[in-house]
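K.L.:
Mind looking at a prediction? Sequence and model below.
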Amino acid sequence: MNLNIEKYLKHLEVEKNYSVHTLLNYKLDLVEFFTFLGHERVVEVDYPVLRRFLAELRARELRPRSVSRKISALRSFFRYLQREGVIQKNPAALVVTPKLDKVLPHFLTEEDTLKLVESPVSDTCADSRDRALFETMYSAGIRVSELVGLNQEDVDLISNMIKVAGKGKKERIVPIGEKAVAAIRDYLSMRKHKSNAVFLNKSGSRLSGRSVRNIINKHLLTLALQQKVHPHMFRHSFATHLLNRGADLRSVQELLGHVNLSTTQIYTHLTTERLKNVYNKAHPRA
């Protein structure tokens, strides 16, 4: 791999605290570009070369979001090289990012969320764990990676707070409700395996994100919900339900751990649509 790429990725990991997932994507994008280039001389890369690369991406009919990420990787990479004195000018500075359509996140209604959260009903340790999983995801609005990464010292069942490691290894404190606290207490009292991890599989190892998806699918079979549900929908539902009930955007941003308010604002589109539907049904002159 190109030495400049290695140094750049180390910079992102050490100084920027980028996640393993983001680092892998940037690495793949940059390796793909240098494969297209056919050589490793970054000083020879100019704007026309980048234009030819983008033309090839469009010819492959990649999604705009994928093209946008590759442009972001290149722009950041060349900006780093310019700052380090490897190149004089950033050839990616003038590259235009394709316009992205806003994809509204899918969420569950409050009624359907309640059905799913309360679907584990047996008195087994597995159902006790699943109920604690669902209650925690919906109560705290955390990502599935944050959920499975929880350790027992991260969960304060007295003050009803949990500490989660978010994107970029940034920690934040999030409140959880009484029902989630009760479900976690119940599960921890039932399980036999000793582990620092909060949520375990049947062999006593830390639960994985894939396992959480499988658990959701298992309980969906017992319900009559006519839609697919993935773990992130608990987070989408958490944010949407809070805004629907009057929570302010800044508070929801803090709870979700979003760096930029614009990321949280996507949920206002959902609440706006709901208000429009209510207005259209209720107003005599709508």
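P.N.:
Okay, I see it.
K.L.:
low-confidence ranges in the stretch 101-250 of the chain?
P.N.:
In the predicted model of the stretch 101-250 of the chain, residues 101-102 satisfy pLDDT under 70.
K.L.:
if you go through it in chain order, where are the helices?
P.N.:
Ranges of helices within the stretch 101-250 of the chain are 110-117, 125-140, 144-148, 178-190, 209-220, 232-244, 249-256, based on DSSP state H, counting those that start in this stretch.
K.L.:
Tell me which of those helices sits most buried.
P.N.:
Comparing those by mean neighbour count (mean count of other Cβ atoms under 10 Å), helix 125-140 comes out on top with a mean of 23. Every C-beta, even on glycine, is put in place using the N, C-alpha and C of the backbone.
K.L.:
domain ranges for this structure?
P.N.:
With domains defined by automatic domain parsing, the chain comprises 3-83, 110-280.
K.L.:
okay, how far is it across the first one, tip to tip?
P.N.:
In this case it means domain 3-83. 16 Å (Cα to Cα, to the nearest Å).
K.L.:
Measure how far that domain is from the centre of its chain, please.
P.N.:
Remark: domain 3-83 is offset 22 Å from the chain centroid, using Cα atoms, centre = their mean, to the nearest Å.
K.L.:
Then stretch 205-221?
P.N.:
That offset, for stretch 205-221, works out to 17 Å (Cα atoms, centre = their mean).
K.L.:
For R274, which non-adjacent residue is closest in space?
P.N.:
In this structure, R274 finds its nearest non-sequential neighbour in N244, 6.6 Å apart by Cβ to Cβ, 6 or more residues apart in numbering.
K.L.:
Check the gap between the one you found and H283 for me.
P.N.:
19 Å (Cβ to Cβ, to the nearest Å).
K.L.:
re the thing from before, next, format the helices of the stretch 101-250 of the chain as TSV and append distance to N4.
P.N.:
As requested, the helices of the stretch 101-250 of the chain are arranged in TSV below (distance: least, Cβ to Cβ, whole Å):
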stretch	distance to N4
helix 110-117	48
helix 125-140	40
helix 144-148	30
helix 178-190	47
helix 209-220	32
helix 232-244	35
helix 249-256	35
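K.L.:
name the helices or strands packed onto the one helix or strand R52 maps to?
P.N.:
In the assignment (DSSP states H and E), R52 maps to helix 47-59. In terms of contacts (3 or more Cβ pairs under 8 Å, 6 or more residues apart in numbering; DSSP states H and E), helix 47-59 is packed against helix 20-37, helix 64-83.
K.L.:
which secondary structure elements does the first one contact?
P.N.:
When contacts are defined as 3+ Cβ pairs under 8 Å, 6+ apart, helix 20-37 packs onto helix 3-14, helix 47-59, helix 64-83.
K.L.:
so which of those is the most packed in?
P.N.:
Comparing the helices and strands packed on helix 20-37 by mean neighbour count (mean count of other Cβ under 10 Å), helix 64-83 comes out on top with a mean of 18.
K.L.:
out of the helices of the stretch 101-250 of the chain, nearest to H269?
P.N.:
Of all these, it is helix 232-244 that lies closest to H269, at 10.0 Å by Cβ to Cβ.
K.L.:
who touches that closest one?
P.N.:
Contacts with helix 232-244, where a contact means Cβ atoms under 8 Å, 6 or more residues apart in numbering, come from 105-108, 110, 113, 134, 137-144, 249, 251-252, 255-256, 264, 267-268, 270-271, 274.
K.L.:
Try it again at 6 Å.
P.N.:
Outside helix 232-244, the residues that touch it by Cβ atoms under 6 Å, 6 or more residues apart in numbering are 105-108, 110, 113, 137-138, 141, 252, 267, 270-271.
K.L.:
and the residues you listed, which two are the farthest apart?
P.N.:
Largest separation among those by Cβ to Cβ: M137 and T271, giving 20.6 Å.
K.L.:
who touches stretch 4-24?
P.N.:
Residues from elsewhere that reach stretch 4-24 (Cβ under 6 Å, 6+ apart): 27, 30, 42, 77, 80, 167-169.
K.L.:
Likewise for stretch 108-118?
P.N.:
Residues outside stretch 108-118 that contact it (Cβ under 6 Å, 6+ apart) are 134-135, 138, 223, 225, 233, 237, 241.
K.L.:
tell me which of those is nearest to G38?
P.N.:
Checking those against G38 with Cβ to Cβ, the nearest one is M233 at 43.6 Å.
K.L.:
What's the separation between the closest one and K170?
P.N.:
Plainly put, M233 is 23 Å away from K170 if you go by Cβ to Cβ.
K.L.:
likewise I142?
P.N.:
With Cβ to Cβ as the criterion, I142 and K170 are 13 Å apart.
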